[in-house]
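Trainee: Quick one, what's the 3D model for this:
(3 chains)
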Amino acid sequence: MAWNRKDLLSMQDLEAGEITDVLDTAESMKEIATREIKKVPTLRGKTVVNLFYEASTRTRTSFEIAGKWLSADVINFSATGSSAEKGESLLDTAKNIEAMSPDVVVVRHKASGAPSLLARHLRCSVVNAGDGLHEHPTQALLDLLTIREKKGHLDGLNVTIVGDVAHSRVARSNIHGMKRMGMTVTVAGPPTLIPPACQELGVKVSYRLEEAIAHADVIMMLRLQHERMRAGFIPSIREYSRVWGLSLAKLEQCRPDVLIMHPGPVNRGVELSPEVADGPYSVILDQVANGVAVRMAILYLLTGSKAV
Amino acid sequence: MAWNRKDLLSMQDLEAGEITDVLDTAESMKEIATREIKKVPTLRGKTVVNLFYEASTRTRTSFEIAGKWLSADVINFSATGSSAEKGESLLDTAKNIEAMSPDVVVVRHKASGAPSLLARHLRCSVVNAGDGLHEHPTQALLDLLTIREKKGHLDGLNVTIVGDVAHSRVARSNIHGMKRMGMTVTVAGPPTLIPPACQELGVKVSYRLEEAIAHADVIMMLRLQHERMRAGFIPSIREYSRVWGLSLAKLEQCRPDVLIMHPGPVNRGVELSPEVADGPYSVILDQVANGVAVRMAILYLLTGSKAV
Amino acid sequence: MAWNRKDLLSMQDLEAGEITDVLDTAESMKEIATREIKKVPTLRGKTVVNLFYEASTRTRTSFEIAGKWLSADVINFSATGSSAEKGESLLDTAKNIEAMSPDVVVVRHKASGAPSLLARHLRCSVVNAGDGLHEHPTQALLDLLTIREKKGHLDGLNVTIVGDVAHSRVARSNIHGMKRMGMTVTVAGPPTLIPPACQELGVKVSYRLEEAIAHADVIMMLRLQHERMRAGFIPSIREYSRVWGLSLAKLEQCRPDVLIMHPGPVNRGVELSPEVADGPYSVILDQVANGVAVRMAILYLLTGSKAV
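Mentor: All right, here's what the predicted structure looks like:
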């Protein structure tokens, strides 16, 4: 009921009531995936454009399935082989797309703030599908949906986010969303990968994994980009994995009802040992399934908000 | 009513009555884009294949949206990563696609005449979406639609086309279409970029921008390919822009009701200063919107012509 | 009636009754391509994901059209630009896709056995669209459909497969299927391109083209990969073509009702002279058309088998 936004740009923007609205809507969308006929006419005659400047088949596919199950027309506009290569600016490309009357433009871009720029200039809805080091709000929403589903509530839970927090838009979006929902967030990782200003976001910081995860209800492992090693942030992948990777042995020190999350794709044997990634505490594939539901909810709420 | 062609290959082929038919049909299609539900069942069960041998996300997207709003099945067949890379000829690829029973094949190819070759050998309809230096008929049709919409008529208007006329299929298609519709066409640009045989097409030639645009009802600026400089056609981008770019100062010498057009993507600061590109005389985004409507009209007329 | 499989992985798996079921179903699907409205609601609300790790626009397009004519939602998940490039394993990618609740995953992969691996781990149906040197079952099924259509039956026919049998998943799938349907198969080619263990598959081997094709009801020419020459399997393309290519002169020594087949794309002038490829005995484009029908049948049978 609180939902009357034109765009979804960040978790930082959202009130707790809005987040709850998205999660409630997503929950009812989940039921569609279990039907014999996975299709509802809700967005028939609406057009969704996936404008992806960074390769991401996984997130794009999630949005594409979400749109198609809602009966929208979905257009994939990859920036490779496009006018972008002819030197056209992001804004010119987006205005050209807008002139074709889409209802929603889903944008992924390496520049933080690109979706906000578009949202200010376009009349259609803009969804941030990941912008630079800034935010990835639908990822945080699907994470919250997964946690709420498994735990029954969000308020009061202890979450520990482990790894390359400094370069993670997933971490940033989750921290904003989790704080808003009354959760306690700890970030843990090597000092080079924890942003100095982290405490300003209201999170605890830990430089010892065992300490950070001991009382966690949820452990969210972040993906380690291999270029971090080349850039000198970590001594080696092996060393990182030994200290910051989650093995069965370390998991045994955790709460018996802990949830293990990862935004994917997992570097098996780096962030997570295979036994942990595929084990009973892991909800990684639930996250993926919830991704479609959350994106259906967002497409529905954004287009519906303008309908009346 | 005059429309009974199998293919759309060039503007040179079309009679004035046929062009008017397309524009009238496109005008009625435009209304669909303004609806709450942007979808009509007109082409349900028809299959449109976009066969693009040159990268062009923008034109391809325009055809894709046009097809989907008409409820056609749209298949993107990019020549990258296809049998074309295994050495298969254009005609073999096209015959293979035809064997899958599409109703329309939309083709873009760097070789002038490629769509005509396909049209002679395929039973299905072929639409030229740009072939080498030859023609780009749907671009000319959307330009004519835009002019007619803004001016109320075409007959008797003065149009000036500025820039790299020699290498522009957009210019060539527009010249044919505009002449047919009773318009007066002037081309202007550096002598190296104006084809010697240009006057045979029935256009005036000018080598001074100020003179060429002074009495124009419509100024169509062409995109300058950067490779023209490397090939020695122009001394430098900066020099070209100074002499042939349209600035606010030059625009002030034009008619107060002049229209500024550009097929996109615009090189801001080269063909057009940003103030002109985004200013009140610019109809560049109208052109894009009309592109979808014109392509809907073409898909409708081509498939309808065979239906009865 | 015999059809109750979850997956289509190989021709080696299939019983004669199952093959006949597919062909009968495909025959009824073919009628749809001739309709004014080429669309049936059979798979409405089903989701088909094309997971292609090898470039193959042609096969992917065939599956895409098949899915769309049946009203399925079809998602192209190209491994280029995807998580696969971030080092994710095939199985992790596939499990992530499965978490998005597709009904069928169509997979092409350079590793033999990749589809079987996925089939063991995924609950949804898996279709092998070509795996390494192993199998390409839908190609064999469309070949069998084409032969049955032209000859009226399969049992007792003589088929000769010519060329690079050693590296051909098309040959392997066809040999299994043809043997099962009571056909006599001869393979012919230079000794370097005929696998030593070939006779164990129950086929005759010939090293002389003229002898091998003299009594054939069907001649299936295989595509020659140019890398075979670089790898030393053949002395030169020209020499290969002279000895193993099918010219009009050689064709005159064949049965007057012989069928010439090729899985495409054809190297014109190598495996087939242009006159033979386009001549009256060639059924190459029938194969392509039947490809859509066979894939519709497979999608229908696989999803139907789980429906009840």
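Trainee: From now on I want contacts and neighbour counts done on CA atoms only, so please keep to that.
Mentor: Fine.
Trainee: any idea how far the closest residue to A:Gly182 other than its chain neighbours is from chain B?
Mentor: Leaving out its chain neighbours, the residue that sits closest to A:Gly182 by CA to CA, 6 or more residues apart in numbering or on different chains is A:Asp155, at 4.6 Å. Applying CA to the nearest CA, to the nearest Å, the value for A:Asp155 to chain B is 39 Å.
Trainee: Tell me how far A:Asp155 lies from A:Glu211.
Mentor: Using CA to CA, to the nearest Å, A:Asp155 is found at 22 Å from A:Glu211.
Trainee: How about A:Val22?
Mentor: The value you get for A:Val22 to A:Glu211, if CA to CA is used, is 33 Å.
Trainee: So which of those two has more stuff around it?
Mentor: A:Val22 (25 against 13; other CA atoms under 10 Å in any protein chain shown).
Trainee: and the helix ranked longest in chain A, what does it pack onto?
Mentor: Across chain A, the longest stretch assigned as helix under DSSP state H is helix A:284-307. Under the contact definition 3 or more CA pairs under 8 Å, 6 or more residues apart in numbering or on different chains; DSSP states H and E, helix A:284-307 sits against helix A:16-33, helix A:57-69, strand A:104-109, helix A:137-151, strand A:259-261, helix C:90-99.
Trainee: Show the average pLDDT along the second one.
Mentor: Mean pLDDT, helix A:57-69: 96.
Trainee: That one to strand A:104-109, inter-axis angle?
Mentor: 180 degrees (axes from the mean of the first three to the mean of the last three CA atoms, to 10 degrees).
Trainee: Moving C-terminal from helix A:57-69, which element do we reach first?
Mentor: strand A:73-78 (DSSP states H and E).
Trainee: Just the C-alpha atoms of that next one, please, in PDB.
Mentor: Extracted in PDB, the C-alpha atoms of strand A:73-78 (Å, rounded to 0.1, in the frame of the first residue of the first chain):
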ATOM      1  CA  ASP A  73       7.000  -8.100 -23.700                       C
ATOM      2  CA  VAL A  74      10.700  -8.300 -22.800                       C
ATOM      3  CA  ILE A  75      13.400  -6.800 -25.000                       C
ATOM      4  CA  ASN A  76      17.100  -7.500 -24.300                       C
ATOM      5  CA  PHE A  77      19.100  -4.500 -25.300                       C
ATOM      6  CA  SER A  78      22.700  -5.500 -24.900                       C
END
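Trainee: ok, that strand: who's next to it in the sheet?
Mentor: strand A:47-52 (parallel) (DSSP bridges).
Trainee: interface residues of the stretch 151-300 of chain A facing chain C?
Mentor: A:265-267, A:285-286, A:288-289, A:292 (CA under 8 Å from any CA of the partner chain).
Trainee: Among these, which one lies nearest to A:Thr57?
Mentor: Nearest to A:Thr57 out of those is A:Pro265 (CA to CA; 11.3 Å).
Trainee: what number of residues lie near the closest one?
Mentor: 20.
Trainee: which SS class is it?
Mentor: Of the three states, A:Pro265 takes coil according to DSSP: H, G, I helix; E, B strand; the rest coil.
Trainee: A:Glu271 contacts A:Gln225, correct?
Mentor: No: with contact defined as CA atoms under 8 Å, A:Glu271 does not reach A:Gln225; the gap is 10.6 Å.
Trainee: So these two - more neighbours on which side?
Mentor: A:Glu271 (26 against 14).
Trainee: if I look at the nearest residue to the more buried one once chain neighbours are set aside, how far off is chain C?
Mentor: Distance criterion CA to CA, 6+ apart; nearest residue to A:Glu271, sequence neighbours excluded, is A:Gly245 at 4.3 Å. According to CA to the nearest CA, A:Gly245 stands 17 Å off from chain C.
Trainee: May I have the phi/psi pair for A:Gly245?
Mentor: Dihedral angles of A:Gly245 (phi, psi; degrees, to the nearest 10) stand at phi -80, psi 150.
Trainee: Run a quick neighbour tally on it.
Mentor: Counted with other CA under 10 Å, A:Gly245 comes out at 21.
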